[in-house]
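Next comes the sequence, and after it the predicted model I'd like to discuss.
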Amino acid sequence: MAKITAGVTTSHVPAIAATIDLKKQALPYWAPIFKGFEESKKWMAEHKPDVCILIYNDHASAFDATIFPTFAIGCADEFLPADEGWGRRPVPTVKGHPDLACHIAQKMILDEFDMTVVNKMDVDHGLTVPLNLLFGDLGPNDEWPCKIIPFPINVVQYPPPTGKRCYNMGQALRRAIESYPEDLKVVVFGTGGMSHQLQGTRAGLINKEWDTRFLNGLTQDPVALTKIPHSEYVRETGSEGIEMVMWLAMRGALNENVKEVRRFYHVPCSNTALGHIILENV
Ligand code: DHB
Ligand code: FE
């Protein structure tokens, strides 16, 4: 049977993509950020998942104001990197796992989570930056080392889902994965966050204390985090801090007890707080 072995969270700051694409990782501003992922890349290279489910948000690249599904799953064979204004990123095309993705869609819908099935979609920095951070700087002629199922959650168009709904959705995702008959090692990602506000008078807002409490809670007491209302995310972590509900979706897919094997927190990254955790199911 397919089995979830671990969960990964990381911020997905697009300036990281530009830094990689322009080969500026060694600059003093960026070097500590990439160094923070060296151990994680080693962990991933040793862990060798067959499939990653990548829970992220689209930033009006594949979807726009005409349509924004709350929970969607990419069931296509492949997904091209999106053109976010500077052409497509020079990273590998994402290869999906249509059979597992369709199985998950069917199981989750019958389990009362009404997924939007997406058969054609480009994937933006919410998905490609975490792949770079965990798998390294691969070019357009390389291949990501495993299959990747994109799993976008809307946090852009009001109203986004609650953290509790995302956590419960993660539990349904786990039930769906564990009912797939093939022996597959699956890692679930939740990307975005941490505290950040990109516009307005509070642009650049960082709340290290709140972020630290969220990182601790993610490992030790995620159910407590599911009680955080939207208003607290916005007030304490800025207008884009709501991306952290996707971390709760990832956490819902794991065991109650997990082992935190990696943590990294760094300020600033662009004008945001960057957070990263790896949790293994025990
Ligand atoms: C930025 C954009 C994001 O989507 C994000 O999650 C963090 C930072 C940015 O434009 O800097
Ligand atoms: Fe984002």
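Thanks, I have it. Everything numeric in this text was worked out from a predicted model, so none of it was measured. Ligands and ions are numbered 1, 2, ... in the order given.

how about the strands in the stretch 1-150 of the chain?
Ranges of strands in the stretch 1-150 of the chain, per DSSP state E, counting those that start in this stretch, are 3-10, 51-56, 72-74, 78-79, 94-95, 116-118, 147-152.

So which residues on the protein come close to ligand 1?
His12, Val13, Pro14, Ala15, His59, Gly192, His196, Leu198, Glu240, Glu243, Ser270, Thr272 (Cβ under 6 Å from any ligand atom). Every C-beta, even on glycine, is put in place using the N, C-alpha and C of the backbone.

out of the residues you listed, what pair is the most spread apart?
Ala15 and Glu243 (15.5 Å; Cβ to Cβ).

ok, Glu84 touching Ala62?
No - using Cβ atoms under 8 Å, Glu84 is not in contact with Ala62, being 10.7 Å away.

can you list residues touching both of the two?
Asp124 (Cβ atoms under 8 Å, 6 or more residues apart in numbering).

neighbour-wise, which of those two wins?
Set Glu84 next to Ala62 and count neighbours by other Cβ atoms under 10 Å: Ala62 wins out with 23 against 18.

How about that one, nearest residue that isn't a chain neighbour?
Met121 (4.6 Å; Cβ to Cβ, 6 or more residues apart in numbering).

contacting residues around that neighbour?
Asp58, Ala62, Ala72, Gly74, Ala76, Phe79, Pro150, Pro152.

so the fourth one sits right up against Gly96, yeah?
Yes - checked against Cβ under 8 Å, the pair Gly74 and Gly96 is within contact range at 5.8 Å.

So which of these two has more stuff around it?
Applying other Cβ under 10 Å to Gly74 and Gly96 shows that Gly74 carries more neighbours, namely 28 against 21.

Low-confidence regions, the stretch 151-282 of the chain specifically.
Applying pLDDT under 70 to the stretch 151-282 of the chain flags no residue at all.

Might you name the residue of it sitting closest to ligand 1?
Proximity of the stretch 151-282 of the chain to ligand 1 (Cβ to the nearest ligand atom) peaks at Ser270, 3.9 Å away.

That residue: neighbouring residues, count only.
Neighbour tally, Ser270, other Cβ under 10 Å: 16.

hang on, the earlier thing: find residues that contact each of Gly74 and Gly96.
Joint contacts of Gly74 and Gly96 (Cβ under 8 Å, 6+ apart) are Ile149, Pro150.

Run through the bridge partners of Pro189.
Actually, residue 189 is Phe. It isn't Pro. For Phe189, the beta-bridge partners are Val8, Leu54 (DSSP bridges).

contacting residues for it?
Per Cβ under 8 Å, 6+ apart, neighbours of Phe189: Gly7, Val8, Thr9, Thr10, Cys52, Ile53, Leu54, Ile55, Tyr56, Pro130, Met250.

quick one: which of these is most hemmed in?
Ile55 (34 neighbours).

Buried residues of stretch 6-25, list them for me.
6-21 (16 or more other Cβ atoms under 10 Å).
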